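Asker: Turn this into a model:
(one chain, ligands or ions: 1)
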Amino acid sequence: MDRAPLDWKSLPFGLTPTDFNVVYRWREGQWGPKEVRTSFDLTLPMAATALHYGQAIFEGLKAFETRDGRTVLFRPRDNAERMLRGAKKLLMEAPPAELFLEACEEVTRLNRRFVPPFESGAAFYLRPFLIGSGAVLGVKPSNEYLFGVFGTPVGPYFKGDKKTIRLRVDEEVHRAAPLGVGDVKAAGNYAAGMRAVASAQADGFDNVIYLDARETRFIDETGATNFYGVLTGDGRPRYVTPKSRTILESITNKSLLVLAPELGFEVEHRPVEVSEIRRFSEAGAVGTAAVIAPVGSISWRGETTTYGSEPGPVTLRLYDELTGIQRGLVPDRHNWLHEIR
Ligand SMILES: Cc1ncc(COP(=O)(O)O)c(C=O)c1O
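Answerer: The predicted model follows:
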């Protein structure tokens, strides 16, 4: 296989066009055949429910090349299940898990020359999406759905030379409501939070920490990641990560909650008051795109808590273990890797 002529070591987290994508259409009660396409454009009716009533959800997962040359997806069934949960909440038809997997495998296979080499540390990002594609006027669910997957090679989500990121606690914007859809990957959640992120970035921060919508008191998550802090003191370090009904259940965080105790850390999965940022010795932002981005500082009401310009020891240990499994350097003892043949 000849690889695409890309500078693999300096890929941005952005869209690089690839050769093929796939779509499936749900009509008259069933999913149609796979359509392999070369165009990145879709044709939709103007009255598609995705455009007006927000029937749109998506996923994000990565394919990696392992040291021994395999191409693997990380926990893709978990993404399929999360899409299913989202579809149920938004009254959409979801692709069955097998179809979801087939689409992700196919897009990776067809674009193999864009899967970054092991040594680059980069990955092939897959973006499955599901939209209401039927023309409807009046708020009701669509009678047609389109499920598609495209992929693109990506580098780090938080760019720049620095090793840690700067976050700001936002008290102006609630990302999601307690009985709303913050726990699923609904497209509208991201539009709702964009102005907070844009304003923080204009002030030199990398992203924001959203607080809970009921009391504006507990940490929810950042714009595209879950959050953790580390408590040290007597005994073993504690991996502390928010439990909240308005955050997206991150597959990365779910994996770290399994790995942390195996590495000798305690785990606390509970509501986390924002004032606790002062007690943490380390913090991190975790997700498929960001992997584990070590947090260097958090600003809240004009006060800045600093964790340092280098990742802390707990963060480094978690990072090495997680990425070691993903890249075939550490045994895949939980069967998280899905090989593409
Ligand atoms: C709002 C939000 N939280 C958390 C995550 C991290 O989830 P995962 O680890 O499954 O990528 C994402 C990315 O998918 C996200 O968009």
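Asker: can you give me phi and psi for the most far-flung residue of the chain relative to its centre?
Answerer: In the chain, residue 234 marks the outermost C-alpha relative to the chain mean, sitting 33.4 Å out by Cα atoms, centre = their mean. Phi and psi for residue 234, reported as degrees, to the nearest 10, are phi -70, psi 140.
Asker: quick check, the helix or strand hosting residue 221 touching the ligand?
Answerer: For residue 221, the element it lies in under DSSP states H and E is strand 219-222. Yes - for strand 219-222 and the ligand, the contact criterion (Cβ under 6 Å from any ligand atom) is met by residue 221. Just so you know, the C-beta spots here come from the backbone N, C-alpha and C atoms, and that holds for glycine as well.
Asker: Sheet partners, orientation included, of that strand?
Answerer: For strand 219-222, the pairing partners within the sheet under DSSP bridges are strand 207-211 (antiparallel).
Asker: which bits of the stretch 201-341 of the chain sit near the ligand?
Answerer: Residues of the stretch 201-341 of the chain lying close to the ligand by Cβ under 6 Å from any ligand atom are 221, 224, 225, 226, 248, 250, 251, 252, 253, 287, 288.
Asker: List the contacts of the last one.
Answerer: Spelled out, it's residue 288. Contacts for residue 288 were tallied using Cβ atoms under 8 Å, 6 or more residues apart in numbering; they are 60, 61, 62, 74, 125, 250, 251, 252.
Asker: Around the ligand, which positions in the stretch 1-150 of the chain sit nearby?
Answerer: residue 60.
Asker: which ones are touching the residue of the stretch 1-150 of the chain found nearest the ligand?
Answerer: Nearest to the ligand in the stretch 1-150 of the chain, going by Cβ to the nearest ligand atom, is residue 60, at a distance of 4.9 Å. Contact analysis of residue 60 by Cβ under 8 Å, 6+ apart lists 79, 125, 126, 127, 287, 288, 289.
Asker: Mind pulling up the pLDDT for the closest residue to residue 176 other than its chain neighbours?
Answerer: Nearest residue to residue 176 in three dimensions, chain neighbours excluded: residue 182, at 2.3 Å (Cβ to Cβ, 6 or more residues apart in numbering). The pLDDT attached to residue 182 in the predicted structure is 97.
Asker: pretty sure residue 182 is in a strand, no?
Answerer: No - counting by DSSP: H, G, I helix; E, B strand; the rest coil, residue 182 is not found in a strand; it is coil.
Asker: wait, it sits on residue 214?
Answerer: No - Residue 182 is not in contact with residue 214 according to Cβ atoms under 8 Å; the separation is 11.8 Å.
Asker: Give me the below-cutoff pLDDT ranges for the protein.
Answerer: Scanning the chain for pLDDT under 70 picks out 160-162.
Asker: related to what we said a few turns ago, return the list of helices and strands in contact with the next helix or strand after the strand holding residue 221.
Answerer: With elements assigned by DSSP H and E, the helix or strand that comes after strand 219-222 is strand 226-231. For strand 226-231, the packing partners by 3 or more Cβ pairs under 8 Å, 6 or more residues apart in numbering; DSSP states H and E come out as strand 219-222, strand 238-242, helix 251-262, strand 282-287.
Asker: What residues of the longest one count as buried?
Answerer: So the one you mean is helix 251-262. Of all the residues in helix 251-262, those buried under the rule 16 or more other Cβ atoms under 10 Å are 251, 252, 253, 255, 256, 257, 259, 260.
Asker: Pull the residues that contact whichever helix or strand comes after that helix.
Answerer: Downstream of helix 251-262, the first helix or strand assigned by DSSP H and E is strand 266-270. The contact list for strand 266-270, computed with Cβ under 8 Å, 6+ apart, reads 231, 235-243, 257, 260-261.
Asker: Strand 266-270 to helix 251-262, inter-axis angle?
Answerer: Angle of strand 266-270 versus helix 251-262, following axes from the mean of the first three to the mean of the last three Cα atoms, to 10 degrees, is 140 degrees.
Asker: what are the pairing partners of strand 266-270, and which direction each?
Answerer: strand 238-242 (parallel).
Asker: what's across from residue 58 in the sheet?
Answerer: Residue 58 has these beta-bridge partners by DSSP bridges: residue 129.
Asker: Residue 314: neighbouring residues, count only.
Answerer: 25 (other Cβ atoms under 10 Å).
Asker: do the one 4 residues further on as well
Answerer: One way to gauge burial is a neighbour count; for residue 318, by other Cβ under 10 Å, it gives 25.
Asker: which SS state does it fall under?
Answerer: Under three-state DSSP, the three-state class of residue 318 is helix.
Asker: List the contacts of it.
Answerer: Neighbouring residues of residue 318 by Cβ under 8 Å, 6+ apart: 239, 256, 259, 260, 263, 284, 292.
Asker: so how far is residue 179 from the first one?
Answerer: Think residue 239. Per Cβ to Cβ, to the nearest Å, residue 239 is found 29 Å from residue 179.
Asker: who has more neighbours, those two?
Answerer: Set residue 239 next to residue 179 and count neighbours by other Cβ under 10 Å: residue 239 wins out with 26 against 9.
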